[in-house]
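K.L.:
Please work out how this folds:
(chains A and B)
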There are 2 protein chains.
Amino acid sequence: MTGKITIAHGGGGTASSDLIHKIFLKHFETKETPDAAVLNFPRDGQLAFTTDSFVVSPLFFNGGNIGKLSVCGTVNDLACAGATPLYLSCGFIIEEGFGLDDLDKIVKSMAETAKHAGVRIVCGDTKVVQKGACDGVYINTSGVGYVPDGLRISPANAKPGDAVILTGYPGEHAAAIITARHELGISGELFSDCAPLNKMIEKITGEVEVHVLRDPTRGGVAASLNEIATDSEVGIEIDETSIIIPPGVQAVCNLFGYDPLYMANEGKMIIILPETQASKALGLLNSVAEGKNAAIIGKIVESHSKKVVMNTTSGGRRLIDMPYGEQLPRIC
Amino acid sequence: MTGKITIAHGGGGTASSDLIHKIFLKHFETKETPDAAVLNFPRDGQLAFTTDSFVVSPLFFNGGNIGKLSVCGTVNDLACAGATPLYLSCGFIIEEGFGLDDLDKIVKSMAETAKHAGVRIVCGDTKVVQKGACDGVYINTSGVGYVPDGLRISPANAKPGDAVILTGYPGEHAAAIITARHELGISGELFSDCAPLNKMIEKITGEVEVHVLRDPTRGGVAASLNEIATDSEVGIEIDETSIIIPPGVQAVCNLFGYDPLYMANEGKMIIILPETQASKALGLLNSVAEGKNAAIIGKIVESHSKKVVMNTTSGGRRLIDMPYGEQLPRIC
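P.N.:
Now for the predicted structure:
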């Protein structure tokens, strides 16, 4: 697929139609292009609805690209509500002059990731802006999922006594982006963790009682735990010894002065559930690739309400504050 | 509301949270900010799902702004599927340095338009890109609606003998944008038709049999009719005498060499239905402000399949082709 995006590709005429058929519909394996898709929805539950725009820079990085990321991000947001993701939309804003070969790779990657996650991309929109009015391509993916009656998973649902599980090692997505952005020589060793987590989550939601699910993206584990502590009006205590930092992530942190707890993840979940059910959940999580390194990293406490405190390896206690912004802009 | 957007506002930390509370949640009258909203959905119908990104330039124009436009566009796409719009998402991509006062106006306008249309904005996302990486603000609105069992409205559903109704005069949105973009002195006379049309459509869908609904946005009436002719494998014949061009729109067309049939509308609907039901539908449409100028502009025919032909005022016949691109980029 050669050539470049022109302003006409966003005009709603034959050029648009041509682009939609040759790239989008080809990969999404559908022939329909209505204004709105009309779809079946289960008649015994509630609807989960979410949206996310992706402006990651660079567009391609070890372990993924903006297309894969856009599907994972929205699928994981639905999974956080305890929902089974069903349908995704995709809205593209593309810069005039963008290579059709790169667009093809991005859309192909979206289609593959959606298939892997078991969701369908059912509607879309393409806008083209003139050269210089966007940075290559921005993607919005919105998603619809199904929440069975009675299931109530929410960041406001953590209770004292609950265990806090993190489903893998933190910081891999941010480290991969930094490496790609600065073209560091260590790029071969660092891969984004970018992955759809809905199937891993479905493994546990039917088996154990889950109180909170949260994917620690922008702001990392630190921001997510602070949000949960605030929304649930509880304290959270985590143990530094239980949180393994991969050597590549640690190297990037040392180089740039970053803290891995504040680094974005795109394939990790924080799971909060009654302590009595934690080992059963861990067994289920550890049995799948996305959760093989899942571990208990802390607990919910009654003291220091709305605050997150870490017991450090040196035996001290450190307040894990809510960050003001993100260490690394345009991480997703 | 003074100040400017900073990179930190998109970082997922306290700066993001502050922005969300002070602008978005204030206008949308909600206190919740989960990753995914969990909502009720009627248990006797299908789900309509649509997405649209808005990159209109300039952001403010006579009759609306990008916020109002983003709600109208998505509500109208749902209405085109015969759906009752229920929920909208909003995804913002904002340029560093963008004025918070302008953002406040845009979000306020979204909230007012959503209220007017009877839909709820239930989830959102905010990304900030550095100065120069977007043109002020881009908005994605995705939408979910409810289609009662048995209702089947589709661009592939036009049948020979059907009447073609246009619910008002064409070209007003595009003319207002051109006027704002070029700062023409005639700005006071031209207003975008930008409006949610769902309530107008609901007036007729229960009363008459509707085959096709289509809002002629990018590419105008010409592009929409061509899409319907292609999808339904029918010919369409329209009469130039029945299509009134407002003087302001005609003035802009004369100045720039545009054809009003190819100019974008944001508050008009093409309605195709059995000829026998057209006068009843017109009566209902003419009783509401958005449809007061609705008129029959043509009919569906068996001949010249997949083509749109206009009987001209001078007694000739003119082929109305599908446009290649849009006369005016970034119209929505």
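K.L.:
Check which helix or strand residue A:283 maps to.
P.N.:
Using DSSP states H and E, residue A:283 maps to helix A:278-286.
K.L.:
Check which helices and strands that helix sits against.
P.N.:
Contacting helix A:278-286 under the criterion 3 or more CB pairs under 8 Å, 6 or more residues apart in numbering or on different chains; DSSP states H and E are the following elements: strand A:162-166, helix A:198-205, strand A:270-274, strand A:295-301. Every C-beta, even on glycine, is put in place using the N, C-alpha and C of the backbone.
K.L.:
nearest to residue A:284, of the ones you listed?
P.N.:
Nearest to residue A:284, of all the helices and strands packed on helix A:278-286, is helix A:198-205, at 4.9 Å by CB to CB.
K.L.:
Can you point out the buried residues in the very next helix or strand once past that closest one?
P.N.:
Counting by DSSP H and E, the next helix or strand C-terminal to helix A:198-205 is strand A:212-214. Within strand A:212-214, the residues scored as buried using 16 or more other CB atoms under 10 Å in any protein chain shown are A:212, A:213, A:214.
K.L.:
Which helix or strand lies directly C-terminal to strand A:212-214?
P.N.:
Sequence-wise, the next helix or strand downstream of strand A:212-214 (DSSP H and E) is helix A:220-232.
K.L.:
same for the next helix or strand after that following helix, what does it pack against?
P.N.:
Per DSSP H and E, the first helix or strand lying C-terminal to helix A:220-232 is strand A:235-239. Applying 3+ CB pairs under 8 Å, 6+ apart, we find strand A:235-239 packed against helix A:220-232, strand A:295-301, strand A:308-311.
K.L.:
Tell me which of the ones you listed is the most buried.
P.N.:
helix A:220-232 (a mean of 25; mean count of other CB atoms under 10 Å in any protein chain shown).
K.L.:
Spatially central, which residue of chain A would that be?
P.N.:
In chain A, the residue lying closest to the centroid (CA atoms, centre = their mean) is residue A:73, at 3.3 Å.
K.L.:
Correct me if wrong, but it is in a helix.
P.N.:
Yes. Judged by DSSP: H, G, I helix; E, B strand; the rest coil, residue A:73 forms part of a helix.
K.L.:
Tell me what the residue nearest to it when sequence neighbours are not counted is bridged to.
P.N.:
Nearest non-adjacent residue to residue A:73, counting by CB to CB, 6 or more residues apart in numbering or on different chains: residue A:52, 4.8 Å away. Judged by DSSP bridges, the bridge partners of residue A:52 are residue A:141.
K.L.:
burial of residue A:52, as a residue count?
P.N.:
Counted with other CB atoms under 10 Å in any protein chain shown, residues neighbouring residue A:52 total 27.
K.L.:
on that earlier part again, now the helix holding residue A:283: how far from the chain's centre is it?
P.N.:
Put simply, helix A:278-286 sits 21 Å off its chain's centre (CA atoms, centre = their mean, to the nearest Å).
K.L.:
can I assume residue A:110 is in contact with residue A:69?
P.N.:
No. Taking contacts as CB atoms under 8 Å, residue A:110 lies outside contact range of residue A:69: 9.4 Å.
K.L.:
Who has more neighbours out of those two?
P.N.:
residue A:69 (30 against 27).
K.L.:
Wait, that one touches residue A:54, no?
P.N.:
Yes. The pair residue A:69 / residue A:54 is scored as a contact, 5.7 Å apart, by CB under 8 Å.
K.L.:
Common neighbours of the two, please.
P.N.:
residue A:332 (CB atoms under 8 Å, 6 or more residues apart in numbering or on different chains).
K.L.:
C-alpha coordinates for stretch A:211-221, PDB please?
P.N.:
Below are the C-alpha coordinates for stretch A:211-221, written out as PDB (Å, rounded to 0.1, in the frame of the first residue of the first chain):
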ATOM      1  CA  HIS A 211     -14.300  -5.200  44.600                       C
ATOM      2  CA  VAL A 212     -12.100  -2.900  42.300                       C
ATOM      3  CA  LEU A 213     -10.500  -3.300  39.000                       C
ATOM      4  CA  ARG A 214      -8.300  -0.500  37.600                       C
ATOM      5  CA  ASP A 215      -5.700  -0.400  34.800                       C
ATOM      6  CA  PRO A 216      -2.800   1.900  35.900                       C
ATOM      7  CA  THR A 217      -2.200   3.900  32.700                       C
ATOM      8  CA  ARG A 218      -1.300   7.600  32.900                       C
ATOM      9  CA  GLY A 219       0.100   8.400  36.300                       C
ATOM     10  CA  GLY A 220       0.900   4.700  36.900                       C
ATOM     11  CA  VAL A 221       0.200   2.600  39.900                       C
END
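K.L.:
can you tell me if it touches chain B.
P.N.:
Yes. Applying CB under 8 Å from any CB of the partner chain, one finds stretch A:211-221 touching chain B at A:214, A:215, A:217, A:218, A:219.
K.L.:
Please compute how far stretch A:127-139 lies from its chain's middle.
P.N.:
Centre to centre, stretch against its chain (CA atoms, centre = their mean), the figure for stretch A:127-139 is 23 Å.
K.L.:
wait, I meant stretch A:260-279
P.N.:
13 Å.
K.L.:
For it, what is the spacing between the initial and final residues?
P.N.:
Terminal residues of stretch A:260-279 lie 26 Å apart, using CA to CA, to the nearest Å.
K.L.:
What parts of the stretch 101-250 of chain A come near chain B?
P.N.:
So far as CB under 8 Å from any CB goes, the stretch 101-250 of chain A lies against chain B at A:122-125, A:127-130, A:132-135, A:138, A:140, A:142-145, A:147, A:154-155, A:214-215, A:217-219, A:223.
K.L.:
Kindly write the ChimeraX command that selects the buried subset of those.
P.N.:
In ChimeraX, this line selects whichever of those come out buried by 16+ other CB under 10 Å:
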select /A:122,123,124,125,127,128,129,133,134,135,138,140,142,143,144,145,147,154,155,214,215,217,218,219,223
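K.L.:
Show only the entries of the residues of the stretch 101-250 of chain A next to chain B found in helices.
P.N.:
residue A:223 (DSSP state H).
K.L.:
out of the residues of the stretch 101-250 of chain A next to chain B, which are inside strands?
P.N.:
A:122-125, A:127-129, A:138, A:140, A:142-145, A:147, A:214 (DSSP state E).
K.L.:
helices or strands up against the helix or strand where residue A:26 lies?
P.N.:
Following DSSP H and E, one finds residue A:26 within helix A:26-28. Under the contact criterion of 3+ CB pairs under 8 Å, 6+ apart, helix A:26-28 touches helix A:100-117.
K.L.:
What residues of stretch A:46-65 count as buried?
P.N.:
A:46-57, A:59-65.
K.L.:
Which single residue of the stretch 151-300 of chain A ends up nearest chain B?
P.N.:
Using CB to the nearest CB, the closest approach of the stretch 151-300 of chain A to chain B is made by residue A:218 at 3.0 Å.
K.L.:
quick one, phi/psi of that residue?
P.N.:
The phi and psi values for residue A:218, taken as degrees, to the nearest 10, are phi -50, psi 130.
K.L.:
Once you drop chain neighbours, what's closest to it?
P.N.:
Distances taken as CB to CB, 6+ apart place residue B:12 nearest to residue A:218, at 3.0 Å, with adjacent residues excluded.
K.L.:
Likewise for residue A:328?
P.N.:
Distances taken as CB to CB, 6+ apart put residue A:174 closest to residue A:328, at 5.7 Å, once the chain neighbours are dropped.
K.L.:
Would you mind extracting the C-alpha trace of whichever strand or helix holds that neighbour into PDB?
P.N.:
Take DSSP H and E as the rule and residue A:174 turns out to sit in helix A:172-182. This file holds the C-alpha atoms of helix A:172-182, laid out as PDB (Å, rounded to 0.1, in the frame of the first residue of the first chain):
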ATOM      1  CA  GLU A 172       7.100  -1.400  30.900                       C
ATOM      2  CA  HIS A 173       4.900   0.700  28.600                       C
ATOM      3  CA  ALA A 174       6.400   4.000  29.600                       C
ATOM      4  CA  ALA A 175       9.900   2.600  29.400                       C
ATOM      5  CA  ALA A 176       9.300   1.400  25.900                       C
ATOM      6  CA  ILE A 177       7.900   4.800  24.800                       C
ATOM      7  CA  ILE A 178      10.900   6.700  26.300                       C
ATOM      8  CA  THR A 179      13.300   4.300  24.600                       C
ATOM      9  CA  ALA A 180      11.600   4.700  21.200                       C
ATOM     10  CA  ARG A 181      11.300   8.500  21.600                       C
ATOM     11  CA  HIS A 182      14.900   9.000  22.500                       C
END
